[in-house]
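Q: Build me a model from this:
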Amino acid sequence: MEMWLSKRVMADRDAEDPATLGTVSIGGKNPAVVTDAEKRQAKVISPGGYCWNPAATDCVLVVKGNELYVAGMPQEGTKGLRAGEVMLFSKGASVKVNMKSVFPWFILGFLAMSGLTSLGLIPADLAAALKSVSKFLMVAALAAIGLNTDFKALCKSGAKPMLHGFIISLLVVLVAIGVEYMLGIAPTGTLA
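A: Purely as a prediction, here's the structure:
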C-alpha cells in the first residue's frame, strides 16, 4: 500500500503545471508569490541583460521546479507594436524602438548629392570645394569616434568584436573593388 501511495503522489506531482500565473504579495529581490491559494518565496529570473524586481500586486509568470521562480509578466500595452519592434517598459516609463529612429539618414543625403553631381547640376568648382570640405568633415567625424573610444573597455570586450569589425571592413573593400571592376574603373582608374 505504501508503494501505491508513493507512486500516486509522484504521478500527481508530475501532473502539476510547470508554469502558472501568480500575484506578487511582497515585492523586491526575493518576492513572495501567491499561486493557487499557496503563498511561497520565489527567486526572480529574467532574460540576459535585463534586471527587474516585481512589485506587490504584479501579475507574474511563475515557473515551478525544484524551486519557485518568477520569470516575467504578461504582456500589456503592445498596441501599435509591429513585428521586429521592441518595447521596454516599467511602471513609470516606456521606450519604443523603431527603425525610423535608428535609420542612418546621411545615406539619403549621400544619394541626393551623388545624383545632383552625376546629373551635372553642381558646377565643377563647387564640387571640388565641397570635396575638400567633405574630407575635413570625415576627419572630424573619425576624430570624434576616437575621442569616445575607451581602450580599456575595448580590450575587455575581447577579440571577437575586433574580428567582426575587421571582417565587415574587408567585405566593404572587396565589394567596392568588385563594383569598380564591373564598371570598368578599377584597372585604369577612369570610367570606360
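Q: Run through the neighbouring helices and strands of the longest strand seen in the chain.
A: Scanning the chain for the longest strand, with DSSP state E as the assignment, gives strand 19-26. Contact here means 3 or more Cβ pairs under 8 Å, 6 or more residues apart in numbering; DSSP states H and E; on that basis strand 19-26 packs against strand 32-35, strand 59-64, strand 68-72. Yep, even glycine has a C-beta here, placed from its N, CA and C like the rest.
Q: Contacts only, for the closest residue to residue 35 other than its chain neighbours.
A: By the measure of Cβ to Cβ, 6 or more residues apart in numbering, the closest residue to residue 35 outside its immediate chain neighbours is residue 22, 3.8 Å from it. By Cβ atoms under 8 Å, 6 or more residues apart in numbering, residue 22 lies in contact with 33-35, 59-62, 70.
Q: Mind pulling up the pLDDT for residue 22?
A: We have a pLDDT of 83 for residue 22.
Q: Next: the one 5 residues further on.
A: Per-residue confidence (pLDDT) for residue 27: 79.
Q: can you count the residues close to it?
A: Using other Cβ atoms under 10 Å, the number of residues around residue 27 comes to 15.
Q: surely it meets residue 60?
A: No. Residue 27 lies out of contact with residue 60 (Cβ atoms under 8 Å); the separation is 10.1 Å.
Q: okay, and the common contacts of the two?
A: residue 54.
Q: Ok, which of the helices and strands packed on strand 19-26 comes nearest residue 18?
A: Closest approach to residue 18 among the helices and strands packed on strand 19-26 is made by strand 59-64 (5.6 Å; Cβ to Cβ).
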